[in-house]
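K.L.:
make a model of this:
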Amino acid sequence: MITSRERQVLIMKANGLQSKQIAAALGIHHRTVEAHIASAKVKLGAKTTVHTVVMAIKKGLIGIGEIGMVMILCWACFGGTVDVRRGPNPPARISRTQRREV
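P.N.:
Residues are numbered from 1 along each chain as shown. The predicted structure follows:
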């Protein structure tokens, strides 16, 4: 389905690395990294890079043991327990007088 290099790049992406960091680690150009991601995206029928990583996990191409804590913490977003369209609640507005009292 996906090549070993595409899988390797997706694992590194799942662990929070940027394309330039992945390129430096693998000794390739960052555009080559982006080409691997784009190729995997087409093969898995995904729309975004994150969707590509999720699809690879769901299809068993990437194991849970291969991804870092960042992806595990974000997994709730894909499980339907968090609405990813909304950001976190903004902090409550505090007036100047209230700030002085605190």
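K.L.:
contacting residues around Gln8?
P.N.:
Gln8 sits next to Leu26 when contact means CB atoms under 8 Å, 6 or more residues apart in numbering. C-beta coordinates here come from the backbone N, C-alpha and C atoms, glycine included.
K.L.:
now do the same for Val70: its pLDDT.
P.N.:
Val70 is assigned 50 on the pLDDT scale.
K.L.:
I meant Thr97, not that one.
P.N.:
As predicted, Thr97 sits at a pLDDT of 68.
K.L.:
distance of the spatially closest residue to Ala46 that is not a sequence neighbour from Gly63?
P.N.:
Once flanking residues are discounted, Ala46 sits nearest to Thr52: 4.0 Å by CB to CB, 6 or more residues apart in numbering. The gap separating Thr52 from Gly63 is 16 Å, by CB to CB, to the nearest Å.
K.L.:
now swap in Val42 and tell me
P.N.:
23 Å.
K.L.:
quick one, helices of the protein?
P.N.:
4-14, 19-26, 30-44, 49-58, 69-78, 96-101 (DSSP state H).
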